[in-house]
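**Student:** Next one to model:
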Amino acid sequence: MSKYHTYNSLLNPVTSFEGLQGRILTRVNQVDDDEIHFHLTDAHYVRMHHQQDCCESVHIEDIAGDLDDLVGTPLIMVEEVNNYDMGNVDDLDNGDSETWTYYRFRTMKGDVSIRWHGASNGYYSESVDIEIVGSE
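**Tutor:** Next comes the predicted model:
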């Protein structure tokens, strides 16, 4: 077990995305364009994803920075910012909507920004799901 596993195990489990601030990640895995894992230990991690449904699309649009910069040093800043657009205001019957969700991280090694894009017909979720795995 690494010293980072021990450090994270001695603290209370992370129970929210914001709870990552001050923690040390042991690894970050991007599974595909709609899922990424932020590991505190092998069994305790934050899963960022979206359960796709009809008439919607939510995926990672862009990652600015190096995900490896988030590993092995405390997360100084952890932030989520949303930008929602409900289609063309001149055409209220359109119903199409878009959401951009930015997740920003800062460590002593560098900054990383993950930009998610969600689009739907206005009736489905465009948000990113945050799941805490192994927090008990």
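**Student:** make it CA atoms for all contacts and neighbour counts henceforth
**Tutor:** OK.
**Student:** For burial, what's the neighbour tally of His59?
**Tutor:** His59 has 21 neighbours, counted by other Cα atoms under 10 Å.
**Student:** wouldn't it be in contact with Trp116 here?
**Tutor:** Yes: between His59 and Trp116 there is a contact at 5.5 Å, judged by Cα atoms under 8 Å.
**Student:** how about the residue most central in space within the chain, what does it touch?
**Tutor:** For the chain, the residue nearest the mean C-alpha position is Met48 (4.5 Å; Cα atoms, centre = their mean). Shown in contact with Met48 (Cα atoms under 8 Å, 6 or more residues apart in numbering): Glu35, Ile36, His37, Val128, Asp129, Ile130, Glu131.
**Student:** Next, the residue lying closest to it once chain neighbours are set aside: phi, psi?
**Tutor:** Excluding its sequence neighbours, the residue lying closest to Met48 (Cα to Cα, 6 or more residues apart in numbering) is Ile130, at 4.8 Å. Per-residue torsions, Ile130: phi -110, psi 120 (degrees, to the nearest 10).
**Student:** gap between Ile130 and Leu75?
**Tutor:** For Ile130, the distance to Leu75 (Cα to Cα, to the nearest Å) stands at 17 Å.
**Student:** The two - which one has more neighbours?
**Tutor:** Leu75 (22 against 14).
**Student:** follow-up on the earlier one: what about the residue nearest to the centre of the chain, which SS state?
**Tutor:** Following DSSP: H, G, I helix; E, B strand; the rest coil, the label given to Met48 is strand.
**Student:** now the spatially closest residue to Thr73 that is not a sequence neighbour, which residues is it bridged with?
**Tutor:** Once flanking residues are discounted, Thr73 sits nearest to Ile24: 5.4 Å by Cα to Cα, 6+ apart. In this entry, Ile24 is beta-bridged to Pro74, by DSSP bridges.
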